[in-house]
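Trainee: Attaching a predicted model along with its sequence, questions to come.
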Amino acid sequence: MKPNLLIVDDEQHTREGLELALEDKFEVFLASCPEEAFNAMNAEKFEVVLTDLRMSGQSGMSVIDFAISHPSSPICIMMTAYGEVDVAVEAMKRGAFDFLSKPVNLEKLELLINRGLKEKELKKENTNLHERLDKKYSFHGILGKSPALEKILEKIQLVGPSRATVLLTGETGTGKELVAQSIHQNSDCARGPFVPVHCAALPANLLESELFGHEKGAFTGATERRIGRFESADGGTLFLDEIGEIDASTQVKLLRFLESKAIERLGSSKTIEIDTRLVCATNRDLQAMTRKGEFRDDLFYRLNVVSLDLPPLRERGDDVVILMDHFLALFAQENGFEKPTLTIESVEVLKSYSWPGNIRELRNFCENLVVLKRGSEVTPYDLDPRFSLDTEDGDDMSNPAPSSLSVEENEKRLLRNALVRANGNRTKAAELMGISRRTLHRKLARWPELDLKF
């Protein structure tokens with residue numbers, strides 16, 4: 001079947017001339033103004049939209065905006081008059097594929113359309129490939145295949161169908177909310193709501209009202225009744241993140257719910273029965289907090305019916321590579337950029353990094369890389385110094401670089417580390433390497449990318 005192409009231009013002879021030139025290879029539709037184009041795109045799915053910039057009423061820029069936000073996501077090409085290059089560039093920033101100056105060169109137009117369609121098809125294939133990879137290595141959005149993660153997934157499958165309260169522990173950024181969602185999806189209340197509450201983000205005087213709700217006049221400022229998160233999660237799962245941050249008063253009310261499956265709104269004595277599954281998470285040692293009197297021991301035991309300790313990223317081996325590939329593809333697609341390519345050496349450096357911020361740090365790193373590199377090749381020397389120095393002996397200049405690197409690569413790596421340790425001081429860096437300052441200058445002239453600016 002021919003691809004559908006929409007031509008938007010308020011000049012009749014231009015519309016009809018382009019139709020005549022393109023109708024052999026495309027199913028051509030015509031619109032004389034942006035309003036007609038909007039109606040056409042709502043009625044038909046288009047692979048290509050070719051629009052003029054200057055028209056009576058709304059400009060072609062509105063056509064670009066509408067097309068880019070449309071579910072069919074056609075490729076958009078702007079036609080401009082001579083001297084309107086700046087406006088056309090703005091259209092490309094908004095998502096247009098390219099632009100052509102009028103009068104349109106038909107041969108160039110066809111080449112441009114074909115290139116755009118080919119790129120769109122490649123993106124679609126790439127998206128499908130990553131969806132298949134995600135299904136292969138994911139469990140309700142949890143990516144990875146390491147033994148440490150597989151143990152957690154097995155426990156999720158076991159605990160999900162039960163009604164037991166679950167306590168998720170582990171370092172910050174290990175994906176506790178995603179695991180909580182997976183437990184919810186594997187439970188008999190999966191069709192009910194999943195309601196997350198980040199306890200640390202709310203002041204103590206507001207958290208109790210947020211969780212249990214309040215009646216009108218319960219306190220100063222309570223001008224109307226408010227339904228709390230427990231009631232909102234009725235029939236589903238309530239996820240309390242950072243449970244170790246709740247105050248003593250809220251701890252008492254939470255314990256009462258666990259014992260009775262009922263709550264009372266602030267300012268009311270009426271008991272409301274709630275059918276809610278409770279999943280909690282913390283990066284703190286609750287047992288140590290109970291010994292110090294900072295957390296109720298009876299509440300801790302009621303929360304700790306089933307405990308899942310999520311592994312840090314540094315213990316998940318090749319999951320780092322799987323997650324990086326996923327996040328780089330995700331952010332590249334979101335931003336409309338090409339996905340950066342990691343060299344084998346840079347992958348090894350990133351795998352050896354400890355990732356103290358875990359998945360959250362990895363995600364942020366990948367987004368930063370997509371925005372700054374935009375399809376470029378990423379070598380170890382493009383990475384932040386924290387990655388190459390994150391080893392037990394990272395401050396020892398005699399510590400050899402990976403043996404898989406060439407002699408030149410090893411020398412460049414050592415030189416970079418020396419400059420980082422010396423905060424850019426060339427004299428000190430030369431001393432650390434055991435070479436003269438003149439030799440160091442010569443090497444920096446040869447490898448200017450290593451000359452860090454501090």
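Mentor: Perfect, thanks for sending it.
Trainee: Roughly how far does Thr271 sit from Phe257?
Mentor: Noted for Thr271: a distance of 11 Å to Phe257, by Cβ to Cβ, to the nearest Å. Bear in mind the C-beta positions are built from the backbone N, C-alpha and C, glycine included.
Trainee: Spit out the residues that contact these two alike.
Mentor: Contact with both Thr271 and Phe257 is made by residues Ile263, according to Cβ atoms under 8 Å, 6 or more residues apart in numbering.
Trainee: the more surrounded of those two?
Mentor: With other Cβ atoms under 10 Å as the criterion, Thr271 and Phe257 differ in neighbour count, and Phe257 comes out ahead with 19 against 11.
Trainee: Do I have it right that that one meets Phe230?
Mentor: Yes. Between Phe257 and Phe230 a contact is recorded at 6.9 Å, counting by Cβ atoms under 8 Å.
Trainee: Overlap of the contact sets of the two?
Mentor: A shared contact of Phe257 and Phe230, defined by Cβ under 8 Å, 6+ apart, is any residue touching both; here these are 263, 274.
Trainee: Run through the bridge partners of Thr169.
Mentor: When bridges are assigned using DSSP bridges, the partners listed for Thr169 are Thr282, Asp309.
Trainee: same for the top helix by length along the chain, what does it pack against?
Mentor: With DSSP state H setting the assignment, residue counts place helix 106-137 as the longest helix in the chain. Judged by 3 or more Cβ pairs under 8 Å, 6 or more residues apart in numbering; DSSP states H and E, the packing partners of helix 106-137 are helix 12-22, strand 48-52, strand 75-80, strand 98-101, helix 319-335.
Trainee: Next, the angle strand 48-52 makes with it.
Mentor: Here the directions of helix 106-137 and strand 48-52 differ by 140 degrees (axes from the mean of the first three to the mean of the last three Cα atoms, to 10 degrees).
Trainee: What pLDDT does the model give Ala418?
Mentor: Ala418 is assigned a predicted lDDT (pLDDT) of 77.
Trainee: so who does it touch?
Mentor: Ala418 makes contacts with 397, 429-430, 432-433, as judged by Cβ under 8 Å, 6+ apart.
Trainee: let's see it at 10 Å
Mentor: Applying Cβ atoms under 10 Å, 6 or more residues apart in numbering, we find Ala418 in contact with 397, 425-426, 428-435, 440, 450.
Trainee: now Thr127
Mentor: Contact partners of Thr127, counting by Cβ under 10 Å, 6+ apart, are 329-330, 333.
Trainee: Around Ile344, how many other residues sit close by?
Mentor: Residues near Ile344, counting by other Cβ under 10 Å, number 10.
Trainee: pLDDT wise, what is it at?
Mentor: Predicted confidence (pLDDT) at Ile344: the value is 87.
Trainee: Got the phi and psi for it?
Mentor: Backbone geometry at Ile344, expressed as degrees, to the nearest 10, gives phi -60, psi -40.
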